[in-house]
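Colleague: below: sequence and its predicted model.
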Amino acid sequence: MKTQDIQAIQLLLASPKKIAIIPHRNPDGDAMGSTLALYHFLLKLNHQAIVIVPNEFPDFLAWLPGSKTVKVFEKDKENCTKILNEADLIFTLDFNAFHRTGNEMEVVLAEQKATFIMIDHHQKPDDYSTYMYSDTSIGSTCEMIYNFISFLDKKELIDTTIGTCIYTGILTDSGSFKFPGTTGNTHRIVAELIDLGVQNTQIPNLLFDNSSYSRLQLLGRALQNMKILAEHNTAYTTLTQDELDTFHYVKGDTEGIVNYGLSIKGIIFTAIFIENKDEKIIKISFRSQGDFDANQFARDHFNGGGHRNAAGGKSELSMEDTIQKFENIVTQLTYTQHEL
Ligand code: 5GP
Ligand code: MN
């Protein structure tokens with residue numbers, strides 16, 4: 001981050017402010033961890049801070065400290081708009097384009113006169129923020145929040161509460177420390193957090209070992225639905241709305257299922273297509289290994305984006321037509337693109 005920007009932010013934070021903190025729609029562990037870490041940090045600096053999520057966050061993150069104070073835009077548009085209108089500062093974390101907050105919230109955000117500060121690790125940031133800390137080489141926004149607090153020279157304020165939130169996002173966005181963005185720095189930060197008392201065995205347990213029986217059955221169905229395009233080193237699976245209903249789907253249940261495709265020998269590109277009848281879309285997650293650019297694929301063909309090895313997008317076609325389109329594109333890709 002530019003020294004000038006750090007100094008300007010230090011000045012802004014030197015007196016109490018009204019601050020709104022926003023993650024992307026369908027917030028994940030990094031989105032919730034980073035916004036709540038920043039929330040606790042700003043409270044310690046005597047600001048009036050609040051996290052506003054575009055829509056509901058999944059249950060498996062509900063144990064995060066401060067999650068009960070979070071406002072949900074979709075459930076209380078009037079009040080959330082009022083908070084945004086009154087904010088002096090708006091932090092946008094773990095996303096870099098207003099449309100990632102959804103059709104209605106993006107309009108409200110675009111109207112705001114407050115100073116925007118973006119902290120994010122996705123590619124191609126939009127130009128809406130006065131101060132921007134954007135770095136695609138860093139594995140998680142939570143790691144950037146740790147850096148941000150360090151830049152402000154306030155590292156001593158990181159306690160187990162803030163540390164727990166930061167640890168959660170680092171853990172989830174790094175695929176438990178195995179994705180390519182994981183560096184020595186990541187581990188050094190995590191080591192510091194553990195020394196502070198952050199519960200590094202309890203947190204993964206709370207995140208990953210809290211499934212319902214029906215969630216595991218849903219996973220079983222997704223694995224059974226999996227198709228392999230062996231010549232193209234690709235695997236994909238689907239879940240229809242009917243299947244989600246059969247297994248009593250609740251938000252968060254499909255998290256991580258997409259990764260199973262990559263555990264098959266020889267597979268370097270995988271996708272999951274999930275029908276959402278309410279929103280009339282097929283939500284898609286892509287994962288890849290090595291050089292195959294899932295972000296570019298999502299941008300080019302499915303109105304999405306993300307990172308090289310983890311991206312998402314959507315389709316307004318039927319499930320059948322979406323799959324047909326996906327297969328057509330994948331089978332037309334040249335073999336060299338798929339070579340490891
Ligand atoms: P997931 O598959 O876990 O939902 O998302 C993987 C990555 O892709 C995340 O970094 C997420 O922010 C990004 N992503 C997911 N869906 C979309 C989308 O529709 N548009 C864009 N631009 N990025 C997405
Ligand atoms: Mn992230």
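Modeller: In hand now; what should we look at? Residues are numbered from 1 along each chain as shown. Ligands and ions are numbered 1, 2, ... in the order given.
Colleague: now do the contacts for the residue nearest to Cys142 when sequence neighbours are not counted.
Modeller: Using CB to CB, 6 or more residues apart in numbering and skipping residues adjacent in sequence, the residue nearest Cys142 is Gly169, 2.9 Å away. Any C-beta I mention is one placed from the backbone N, CA and C, and that applies to glycine too. For Gly169, the contact set (CB atoms under 8 Å, 6 or more residues apart in numbering) comprises 29-34, 37, 94, 140-143, 145.
Colleague: now render those as a markdown table, adding neighbour count, pLDDT and secondary structure.
Modeller: Below are those laid out as a markdown table (neighbours: other CB atoms under 10 Å; pLDDT from 0 to 100; DSSP: H, G, I helix; E, B strand; the rest coil):
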| residue | neighbour count | pLDDT | secondary structure |
| --- | --- | --- | --- |
| Gly29 | 26 | 97 | helix |
| Asp30 | 28 | 98 | helix |
| Ala31 | 29 | 98 | helix |
| Met32 | 28 | 98 | helix |
| Gly33 | 32 | 99 | helix |
| Ser34 | 34 | 99 | helix |
| Ala37 | 31 | 99 | helix |
| Asp94 | 29 | 98 | coil |
| Ser140 | 28 | 98 | coil |
| Thr141 | 31 | 98 | helix |
| Cys142 | 35 | 99 | helix |
| Glu143 | 26 | 98 | helix |
| Ile145 | 29 | 99 | helix |
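Colleague: which pair in these spans the largest distance?
Modeller: Farthest apart among the contacts of Gly169 by CB to CB are Met32 and Glu143. That separation is 14.9 Å.
Colleague: if we can go back for a sec, element containing the residue nearest to Cys142, please.
Modeller: Taking DSSP states H and E as the criterion, Gly169 maps to helix 160-173.
Colleague: so what's the residue count around Lys203?
Modeller: For residue 203 the amino acid is Ile, not Lys. Using other CB atoms under 10 Å, Ile203 is surrounded by 20 other residues.
Colleague: surely it and Ile170 touch.
Modeller: No - assessed by CB atoms under 8 Å, Ile203 is found out of contact with Ile170, at 10.1 Å.
Colleague: partners of the helix or strand that Ile282 is a member of in the sheet?
Modeller: In this assignment (DSSP H and E), Ile282 forms part of strand 281-288. Strand 281-288 has these partner strands in its sheet, going by DSSP bridges: strand 269-276 (antiparallel), strand 310-315 (antiparallel).
Colleague: can I get the first one in PDB? Just the C-alpha atoms.
Modeller: Spelled out, that is strand 269-276. Provided in PDB are the C-alpha atoms of strand 269-276 (Å, rounded to 0.1, in the frame of the first residue of the first chain):
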ATOM      1  CA  PHE A 269     -10.200 -28.400 -14.000                       C
ATOM      2  CA  THR A 270     -13.400 -28.900 -12.200                       C
ATOM      3  CA  ALA A 271     -16.800 -27.300 -11.900                       C
ATOM      4  CA  ILE A 272     -20.000 -27.500  -9.900                       C
ATOM      5  CA  PHE A 273     -23.300 -26.300 -11.300                       C
ATOM      6  CA  ILE A 274     -25.900 -25.500  -8.700                       C
ATOM      7  CA  GLU A 275     -29.500 -24.600  -9.600                       C
ATOM      8  CA  ASN A 276     -31.100 -21.700  -7.800                       C
END
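Colleague: might you quantify the distance of it from its chain's geometric centre?
Modeller: Strand 269-276 has its C-alpha centroid displaced from the chain centroid by 16 Å (CA atoms, centre = their mean, to the nearest Å).
Colleague: give me the buried positions along that strand.
Modeller: Phe269, Thr270, Ala271, Ile272, Phe273, Ile274, Glu275 (16 or more other CB atoms under 10 Å).
Colleague: is it positioned near ligand 1?
Modeller: No - judged by CB under 6 Å from any ligand atom, strand 269-276 makes no contact with ligand 1; its nearest approach is 8.0 Å.
Colleague: if we can go back for a sec, which of the buried residues of strand 269-276 sits closest to ligand 2?
Modeller: Ranked by distance to ligand 2 (CB to the ion), these are led by Ile272 at 18.2 Å.
Colleague: wait, what's in contact with the closest one?
Modeller: Counted by CB under 8 Å, 6+ apart, Ile272 has contacts Ala222, Tyr236, Thr237, Thr238, Leu239, Thr254, Ile257, Val258, Gly261, Ile284, Ser285.
Colleague: now it. Nearest residue, chain neighbours left out?
Modeller: Spatial nearest neighbour of Ile272, chain neighbours left out: Val258 (4.2 Å); criterion: CB to CB, 6+ apart.
Colleague: show the pLDDT at the one you found.
Modeller: With respect to pLDDT, Val258 scores 97.
Colleague: where's it relative to Thr136, distance?
Modeller: Going from Val258 to Thr136 by CB to CB, to the nearest Å gives 21 Å.
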